[in-house]
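>>> sequence plus predicted model, see below.
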Amino acid sequence: MSDDNRAAALEIVPALATIERELGIYEGLLRRWQAKINLVAPNTLNEIWVRHFADSAQALEAAPNATLWADFGSGAGFPGLVTALLLKREESARVHLIESDQRKAAFLRAVSRETGAPVEVHAERIEKALPPLASQIQAISARALAPLDRLVELAREPLEKGVKGVFLKGEEWRDELTAAERVSNFKFETIQSRTHPRARLIVIDKASEANFDRTE
Ligand SMILES: C[S@@+](CC[C@H](N)C(=O)[O-])C[C@H]1O[C@@H](n2cnc3c(N)ncnc32)[C@H](O)[C@@H]1O
């Protein structure tokens, strides 16, 4: 089951092959810690490679030039820790994982220690952690944290300064986009997810001039 899932993930995002060893360590730790704390939905445990690793890897594809990231509400590290592993060989890379749950933050530190992922874990709320980081980052990511309008509010200042926002959204993406457009003037680009036919990545980039849909 797990081997099939791994093969499927590598097909969806071939770049994962470059960090396959690290992801194997990550998977092992995730399974061990999951017995004690609820890191991911139990029904996704048979599909860690597609549902979590490949899904997360799409964030970096959406902002491939960014090496300095903040990931909001990282949980078990998705997408931020996967972004960090993919950037491991970039000298300047740093991903700030912001996760207020202390036990999840301890898990994130354990994975980063074992895999050498270039992360800094901030075990505090986004509202507190973000202001001192805002001038050091080029992109912000988030998955399964809050509706898009709330994410835009949390990230408003850096987004206005040109930091890119990469938000992984599920089936409700269209309604969330409509609500976010009511409270902001940002241009939104939507990208079809390759792990779920009805999911999208929503990218905010101040430099883009119009709303743009990259759905296939
Ligand atoms: C539903 S989980 C999603 C985790 C991960 N991003 C994923 O997609 O698997 C949301 C996470 O955000 C964290 N969180 C919620 N509000 C937060 C805040 N204001 N600051 C930091 N972390 C927060 C929670 O502790 C939780 O781990």
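Looks like it arrived, so ask away.
>>> neighbouring contacts of stretch 14-24?
Residues outside stretch 14-24 that contact it (Cβ atoms under 8 Å, 6 or more residues apart in numbering) are 6, 9-10, 49, 53-54, 57, 82, 85-86, 88, 115-117. C-beta here means a position set from N, CA and C on the backbone, and glycine is covered the same way.
>>> quick one: mean pLDDT over stretch 178-188.
Averaged over stretch 178-188, pLDDT sits at 91.
>>> just the CA coordinates of stretch 178-196, formatted as CSV?
What follows is stretch 178-196 as a C-alpha-only set of coordinates in CSV (Å, rounded to 0.1, in the frame of the first residue of the first chain):
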residue,chain,number,x,y,z
THR,A,178,-15.0,35.2,-3.7
ALA,A,179,-15.0,36.1,0.0
ALA,A,180,-11.3,37.1,-0.1
GLU,A,181,-11.8,39.3,-3.2
ARG,A,182,-14.4,41.3,-1.1
VAL,A,183,-11.8,42.3,1.5
SER,A,184,-8.7,42.8,-0.6
ASN,A,185,-7.4,44.2,-3.9
PHE,A,186,-4.9,41.5,-4.4
LYS,A,187,-4.7,39.6,-7.7
PHE,A,188,-5.2,35.9,-7.3
GLU,A,189,-3.8,33.2,-9.5
THR,A,190,-5.3,29.7,-9.2
ILE,A,191,-3.4,26.5,-10.0
GLN,A,192,-5.0,23.1,-10.5
SER,A,193,-3.8,20.7,-7.8
ARG,A,194,-2.2,17.5,-9.1
THR,A,195,-3.2,15.5,-6.0
HIS,A,196,-6.9,16.3,-6.0
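>>> in it, what's buried?
For stretch 178-196, the neighbour count (16 or more other Cβ atoms under 10 Å) marks 180-181, 184, 186-191, 193-195 as buried.
>>> now do stretch 109-116
Neighbour count says stretch 109-116 has 111-112, 115 buried, by 16+ other Cβ under 10 Å.
>>> which one among those residues gets closest to the ligand?
Val111 (13.2 Å; Cβ to the nearest ligand atom).
>>> quick check, the closest one in a strand?
No. Membership of Val111 in a strand is not supported by DSSP: H, G, I helix; E, B strand; the rest coil, which gives helix.
>>> ok, and the closest non-adjacent residue to the residue nearest the centre of the chain?
Closest to where the C-alpha atoms of the chain average out (Cα atoms, centre = their mean) is Pro79, at 2.5 Å. Closest residue in space to Pro79, ignoring its immediate chain neighbours: Ser56 at 3.3 Å, by Cβ to Cβ, 6 or more residues apart in numbering.
>>> contacts only, for the one you found.
Going by Cβ under 8 Å, 6+ apart, the list of residues near Ser56 reads 77-83, 143, 168.
>>> out of the residues you listed, list just those in strands.
143, 168 (DSSP state E).
>>> just the contacts of Ser56: which are in helices?
80-83 (DSSP state H).
>>> of those, just say which sits nearest to the ligand.
Closest to the ligand, out of all of the ones in helices among the contacts of Ser56 and judged by Cβ to the nearest ligand atom, is Gly80, at 7.7 Å.
>>> touching, that closest one and Leu68? I think so.
No. Counting by Cβ atoms under 8 Å, Gly80 stays clear of Leu68, with 11.9 Å between them.
>>> what do these two both touch?
Common contacts of Gly80 and Leu68 (Cβ under 8 Å, 6+ apart): Val95.
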